[in-house]
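[1] need a structure here:
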Amino acid sequence: MDYTFELPTRITIGEGCSSQLGANVASAGAKRVMCIFDKGVEAAGIVEPLVASLETAGVEVVRFDGVLPDPPMEVIEQCSRIANDVNPDAFVAVGGGSSIDTAKAVNANSTNPGTLKTHAINLNGLQVLPFDKPLKPLFVLPTTAGTGSEISPSAVVTDNELKLKVSVMSPDLQPTMALIDPALMTGLPPHITASTGLDAFSHAVEGLMGGLAIFTPSPMRDSFALTAIELVLKSLVKAMKDGNDIKARTDMSYAAFMSILGAHGGLSMGHSVGHAIGEVCGIHNHGFLCASIIPYNVELMAEFIPDKLNKLATLLNVDPGGKSVPEIGSAVKQAIQSFYRECGVPSLRELGMSLSDVEEIIRHTVTGTWYMLAPKRPTDEEITGWLHEAYEG
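    Numbers count the residues shown, from 1 in each chain. Just a heads-up that it's a prediction; the model follows:
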């Protein structure tokens, strides 16, 4: 099967590059933009300099500060109504994955009303289709390093009626431009630095063992994933300990979008089970939830990725020499868990999961897209064991 690579998003990365926002938006011909962010980003003082950059360039700014974690459809609809009223020429998203995903969904929903669910891969099978009407330009400025939404073709929103995270996917959702300024991330608290950084780690590790990675292998895709993993292992703890470490923040910024390129191999059980826990238990901590399952996922998939497993082991300072594949898988699992302890990853119990929810979590897991596409699916008993072990931490 052919391997196709395309990245329509223009990426600029570097300290201070966010100051280029106004000039880039103006050069795209936009006279009015809708700037989407959450109240926390605004309170941190990040929004005002960006608005000033836009206004100095002659661009009118309409603000929306109502972004919520795991953006609910109600917020998407509210923001879409405002967008329809003001008719912006472009959108600007400032914040983490929730802000960027909100902007993507609003862009699609305001130009193609009522079509978000028809583009949801977990509702309609793995059909990645363009929208009928073209979307408006989208400029994104991530303030976290992990989700990779700044270059991804997807937006994850929450349908509270279905109690489901809806994964909207289309090539049209990829942002026009990403200005990745590590200086915007220096005020990020250690626990959010860890949670978002481990989302990138999860994307990269899962990308090595997703369905496409197994059935349509690509050394290019694997190199993105392995480099992202190396950067996370090298710099996440540094960024947690010293938020002003621009080199560590820059490394994590690279890891975030490179992990998404690595995840073109498909995601796996980390996101399948992690999403299910979030849906059932109402826990808004995507990075830690997905990461908590990764060690077990690697051990399960070891036999399918022996060469990549050896490379992963080396990155984790595990000597694969003289060990069988299952033994390497077990050692890698333990090394990842040791890294998590260094990052202060909480147990599922501390995150708010209840063992009484395990059966419902499994029901959500086994109907998910990435579970259905997995080269090897864990049994209900295996998932139960994972959840119980991760519950204890």
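[2] Let me see the contact set for the closest residue to H264 other than its chain neighbours.
    Distances taken as CB to CB, 6 or more residues apart in numbering place R221 nearest to H264, at 5.4 Å, with adjacent residues excluded. Any C-beta I mention is one placed from the backbone N, CA and C, and that applies to glycine too. Applying CB atoms under 8 Å, 6 or more residues apart in numbering to R221 gives the contacts Y3, G207, A213, L261, G262, H264, G265.
[3] closest to C290 among these?
    G207 (12.4 Å; CB to CB).
[4] ok, that closest one - how many residues close by?
    As a burial measure, G207 scores 29 neighbours (other CB atoms under 10 Å).
[5] Pretty sure it sits against P217.
    No - G207 is not in contact with P217 according to CB atoms under 8 Å; the separation is 11.6 Å.
[6] Name the residue most distant from the centre of the protein?
    Relative to the C-alpha centroid of the chain, counting by CA atoms, centre = their mean, G322 is the outermost residue, at 36.0 Å.
[7] would that one count as being in a strand?
    No - per DSSP: H, G, I helix; E, B strand; the rest coil, G322 lies outside any strand segment and is coil.
[8] C-terminal to the longest helix seen in the chain, what's the next element?
    What stands out as the longest helix in the chain, according to DSSP state H, is helix 219-241. Reading on from helix 219-241 to the C-terminus, the next helix or strand found by DSSP states H and E is helix 246-262.
[9] can I get the CA coordinates of that following helix in CSV?
    This file holds the C-alpha atoms of helix 246-262, laid out as CSV (Å, rounded to 0.1, in the frame of the first residue of the first chain):
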residue,chain,number,x,y,z
ILE,A,246,13.3,27.8,26.8
LYS,A,247,15.4,25.0,25.4
ALA,A,248,13.3,22.3,27.2
ARG,A,249,10.1,24.1,26.2
THR,A,250,11.3,24.2,22.6
ASP,A,251,12.1,20.5,22.6
MET,A,252,8.7,19.7,23.9
SER,A,253,7.1,21.9,21.3
TYR,A,254,8.9,19.9,18.6
ALA,A,255,7.9,16.7,20.3
ALA,A,256,4.2,17.8,20.3
PHE,A,257,3.9,18.2,16.5
MET,A,258,6.3,15.5,15.6
SER,A,259,4.3,13.0,17.7
ILE,A,260,1.3,13.8,15.6
LEU,A,261,3.3,13.1,12.4
GLY,A,262,4.3,9.8,14.0
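[10] List the buried residues of it.
    Buried residues in helix 246-262, counted by 16 or more other CB atoms under 10 Å: 246, 248-262.
[11] returning to what we had before: so which of the contacts of R221 comes closest to L50?
    Each of these was scored against L50 by CB to CB, and L261 proved nearest at 26.1 Å.
[12] Count the residues that sit near the closest residue to the closest one other than its chain neighbours.
    Of all residues beyond its chain neighbours, the one nearest L261 is F224 (4.0 Å), with distances taken as CB to CB, 6+ apart. Other residues within reach of F224, judged by other CB under 10 Å, total 24.
[13] Kindly report the same for V92.
    Neighbours of V92 under the rule other CB under 10 Å: 32.
[14] Grab the most central residue of the chain for me.
    Central residue of the chain (CA atoms, centre = their mean): T147, at 2.6 Å.
[15] Over to that one: give its phi and psi.
    Per-residue torsions, T147: phi -70, psi -30 (degrees, to the nearest 10).
[16] Wait, it touches F201, no?
    No - if you go by CB under 8 Å, T147 and F201 don't touch, sitting 11.9 Å apart.
[17] Can you give the contact residues for the one helix or strand in the chain whose mean pLDDT sits lowest?
    Using mean pLDDT, DSSP states H and E, helix 121-124 stands out as the lowest-scoring helix or strand of the chain, at a mean of 72. The contact list for helix 121-124 (CB under 8 Å, 6+ apart) reads K117, T118, Q127, V128, L164, K165, V166, S167, V168, M169, G368, T369.
[18] For the helix or strand following it, name the packing helices and strands.
    Where DSSP H and E defines the elements, the next helix or strand beyond helix 121-124 is strand 138-142. Counting contacts by 3 or more CB pairs under 8 Å, 6 or more residues apart in numbering; DSSP states H and E, strand 138-142 packs against helix 21-27, strand 90-95, helix 97-111, strand 177-180.
[19] average model confidence for strand 138-142?
    Average pLDDT, strand 138-142: 99.
[20] Listing partners with orientation, what would you give for that strand?
    Take DSSP bridges as the rule and strand 138-142 pairs in its sheet with strand 90-95 (parallel), strand 177-180 (parallel).
[21] rewinding a little: of the helices and strands packed on strand 138-142, which approaches E55 most closely?
    Comparing the helices and strands packed on strand 138-142 by CB to CB, helix 21-27 comes nearest, at 7.4 Å.
[22] buried sites along that closest one?
    L21, G22, N24, V25, A26.
[23] G352 contacts I283, doesn't it?
    Yes - at 5.0 Å, G352 counts as touching I283 under the criterion of CB under 8 Å.
[24] Any idea how many residues pack against M73?
    19.
[25] Contact partners for it?
    With CB under 8 Å, 6+ apart, M73 has these contacts: L116, V157, T158, D159, N160, V166.
[26] Farthest-apart pair in the residues you listed, please.
    So, these by CB to CB: farthest apart are L116 and N160, at 14.1 Å.
[27] who has more neighbours, these two?
    L116 (25 against 12).
[28] Please tell me how far that one sits from H364.
    20 Å (CB to CB, to the nearest Å).
[29] ok, back up a step: hey, which of the strands paired with strand 138-142 is tucked in deepest?
    strand 90-95 (a mean of 28; mean count of other CB atoms under 10 Å).
[30] Would you format the contacts of R221 as TSV with pLDDT included?
    Converted to TSV, the contacts of R221 look like this (pLDDT from 0 to 100):
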residue	pLDDT
Y3	75
G207	97
A213	93
L261	97
G262	97
H264	89
G265	86
